[in-house]
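Engineer: One predicted model, sequence on top.
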Amino acid sequence: MSPSSTGEHIIKDYDTELRRLQGEIQQMGAMATQQLDAAIAAVQKRDDEAAHRVVEADARIDAMENELSHDVVRLLALRQPMARDLREVLAALRIAADIERIGDYAANVAKRSLALNQTIPVPLAGSLPRLASLATALVRDVLAAYHDEDADLALAARDRDEELDRAYTGLFRELLTYMMEDPRTITPCTHLLFIAKNIERIGDHATNIAENVYFLVHGTQVGQDRPKRDATPALVVDDPR
């Protein structure tokens, strides 16, 4: 084999390995969003069996992230990529870690739903699907941006995290007010607060992915700080009594 043919073969093998990494990330992302959808459905239906399935399935995402991490280490050692190729590999590693955390938060929602099912139903549980739909839309958009290497789509999705933060703050305020009006709802509303916080954190990891897509495309970090609209740390609810 001539030196030029050898070089072309190496480049082709490297490109194949990169595409495989990207495919694994897309598969992980799809699984994570499906997990979140299933967890929210389990909350709405008060379905213990469905919640258990979500918790058990999280191990598959963890295993995929571990395998992808090993693949990245091997690729770095064997290929020693530089410049854009190195950014491709680093972005894959970082994005996989964020997707794994998204899967963890979806599993946390399912675990919390098991405790919620032991309490009285709370009407405000119906507000969670909108919060979850905002989060899953962010995840799907940033994964599409990664697939297409579209930095503009990534930044647009990143900016929409403000909407998710505002929705979370609104639900937080409603739940606190509900607990103050009826102390019997304190336990279920506390579970709902934890569920809502897990969903809000999924949005944060989606914005991390968006910033890594921007880094992949441009080779620089996003210039401006990410806007946050989660006002819950400073939230004071007036006593309705």
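Structural biologist: Thanks, I have the structure now. Please read these numbers as outputs of a predicted model, since none were measured by experiment. Residues are numbered from 1 along each chain as shown.
Engineer: Give me the longest helix you can find in this protein.
Structural biologist: Using DSSP state H to define each element, the chain has its longest helix at helix 3-45.
Engineer: Ranking helices and strands of the chain by mean pLDDT, which lands last?
Structural biologist: helix 3-45 (a mean of 80; mean pLDDT, DSSP states H and E).
Engineer: Which strands and helices lie in contact with that one?
Structural biologist: helix 48-79, helix 83-116, helix 128-148, helix 186-218 (3 or more CB pairs under 8 Å, 6 or more residues apart in numbering; DSSP states H and E). Where you see a C-beta, it was placed from the backbone N, CA and C, and this is true even at glycine.
Engineer: would TSV of these with mean pLDDT be doable?
Structural biologist: TSV is the format used below for these (pLDDT from 0 to 100):
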stretch	mean pLDDT
helix 48-79	92
helix 83-116	94
helix 128-148	94
helix 186-218	96
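Engineer: Out of those, which gets nearest to D159?
Structural biologist: Minimum separation from D159 across the helices and strands packed on helix 3-45 (CB to CB) falls at helix 186-218, 8.8 Å.
Engineer: buried sites along that closest one?
Structural biologist: 187-193, 195-217 (16 or more other CB atoms under 10 Å).
Engineer: again with stretch 148-157
Structural biologist: Here stretch 148-157 shows D150, A151, L153, A154, L155, A157 as buried, counting by 16+ other CB under 10 Å.
Engineer: Then stretch 109-118?
Structural biologist: V109, A110, K111, R112, S113, L114, L116, N117.
Engineer: now, among the residues you listed, which is nearest to S133?
Structural biologist: Relative to S133, the closest of those is V109; by CB to CB it sits at 13.6 Å.
Engineer: How about that closest one: what's its closest non-neighbour residue?
Structural biologist: Excluding the flanking residues, the one nearest V109 by CB to CB, 6 or more residues apart in numbering is A39, at 4.0 Å.
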